[in-house]
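Novice: Prediction below, plus the sequence it came from.
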Amino acid sequence: MARVALVTGGQRGIGAAISEMLRDQGRSVVASYAGNEDAARAFTERTGIPCRKFDVGDFEQCKAAIAAIKEEFGPVEILVNNAGITRDGTMKRMNRDMWDQVIDTNLGSCFNLCKLVWDDMTAGKFGRIVNIGSINGQAGQYGQVNYAAAKSGIHGFTKALAQEGARANITVNAIAPGYVDTEMVRAVPPDVLEKIVARIPVGRLGQAEDIARGVCFLTADDADFITGSTLSINGGQHMY
Ligand code: NDP
């Protein structure tokens, strides 16, 4: 039986590449999304991968979704916490809502979903969890105290949970992408983006597939000796 993989935010951007590559590796993939129905419909039509809508920052919605996925496909054995948002602003402009939304969606989601799949992974003596962090969680970024805190939190969360899962063959790793060519990055003003690309040693933005390859590596059945690590995939922009 193919192992069930849940990729949050898995129908567009980096998540879509992760979903497709995991599917190509023989996984039974479910992609989640927040509300972009057009993207979800187009993705399922193109790939055949089913999409399920729920807010990853809302524990009760996650609980209902995980139960429904288990019922329909089986217990989640591979979890990729990829869904994320930015709400940028300097401290002067940032308000409490911007802080809460980014912390809940990027970091709270990791707690929600790991908590909800943990018992089944423990019982099945198999689990592969990959949390998508960010170069900006490693190095900080002007105007992103909320996002940098959430992503940095993911890196600590990963190392702590890895210790709890190790004896049950549950690995927990993080990937810290650099700047990847998705809608999130296309929202950056062109002059700022040009300066960012100039600082990337390999001389280009990342592609979603660059990150997906890392996820496949970390979620392989025989990748059981890699846990608690953060894999930087950033074209050499930040060596950590
Ligand atoms: P996109 O903005 O392209 O896609 C975000 C995805 O997350 C969408 O599928 C979206 O669903 C989903 N999502 C957002 N909020 C929620 C929510 N509350 N509940 C459920 N799903 C949600 O992002 P990217 O592909 O660029 O980024 C993917 C991950 O990689 C994020 O965690 C991001 O922080 C991280 N990252 C990205 C970098 C980059 O350069 N792009 C660099 C470093 C890290 P919907 O379509 O329905 O809105």
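Specialist: Received it, and whenever you're ready, just let me know what you need.

Novice: outside of the lengthiest helix in the chain, which residues touch it?
Specialist: If you go by DSSP state H, the chain has its longest helix at helix 145-165. The contact list for helix 145-165 (C-beta atoms under 8 Å, 6 or more residues apart in numbering) reads 81, 84, 86-88, 91, 94, 98-99, 101-103, 105-107, 110-111, 114, 121-122, 127, 129, 131-134, 136-138, 140-141, 170-174, 176, 227-228, 230. Every residue, glycine included, has its C-beta placed from N, CA and C.

Novice: Inside strands: which ones of those?
Specialist: Of those, the ones assigned to strands by DSSP state E are 81, 127, 129, 131, 132, 170, 171, 172, 173, 174, 176, 230.

Novice: How about the residues of the protein by the ligand?
Specialist: Proximity of the chain to the ligand, by C-beta under 6 Å from any ligand atom, involves residues 8-9, 11-15, 32-36, 39, 55-57, 82-85, 105, 132, 134, 177, 179-180, 182-185.

Novice: List only those of those flagged as buried.
Specialist: 8-9, 11-15, 32-34, 36, 39, 55-57, 82-85, 105, 132, 134, 177, 179-180, 182, 185 (16 or more other C-beta atoms under 10 Å).

Novice: Tell me the bridge partners for residue 81.
Specialist: Taking DSSP bridges as the rule, residue 81 bridges to residue 131.

Novice: count of neighbours near it?
Specialist: 28 (other C-beta atoms under 10 Å).

Novice: how deep is residue 227 tucked in, by neighbour count?
Specialist: Neighbours of residue 227 (other C-beta under 10 Å): 21.

Novice: could I get stretch 134-151 in CSV with only the CA atoms?
Specialist: Extracted C-alpha coordinates of stretch 134-151, given in CSV (Å, rounded to 0.1, in the frame of the first residue of the first chain):
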residue,chain,number,x,y,z
SER,A,134,13.0,29.8,5.6
ILE,A,135,16.4,31.5,5.1
ASN,A,136,14.7,34.5,6.8
GLY,A,137,14.2,32.4,9.9
GLN,A,138,17.9,31.7,10.0
ALA,A,139,19.2,35.1,9.1
GLY,A,140,16.3,37.5,9.9
GLN,A,141,14.9,40.0,7.5
TYR,A,142,14.0,43.6,7.7
GLY,A,143,10.2,44.1,8.0
GLN,A,144,9.6,40.5,8.9
VAL,A,145,9.7,40.1,12.7
ASN,A,146,6.6,37.9,12.6
TYR,A,147,7.7,35.7,9.7
ALA,A,148,11.3,35.4,10.9
ALA,A,149,10.1,34.5,14.4
ALA,A,150,7.6,31.9,13.0
LYS,A,151,10.2,30.3,10.7
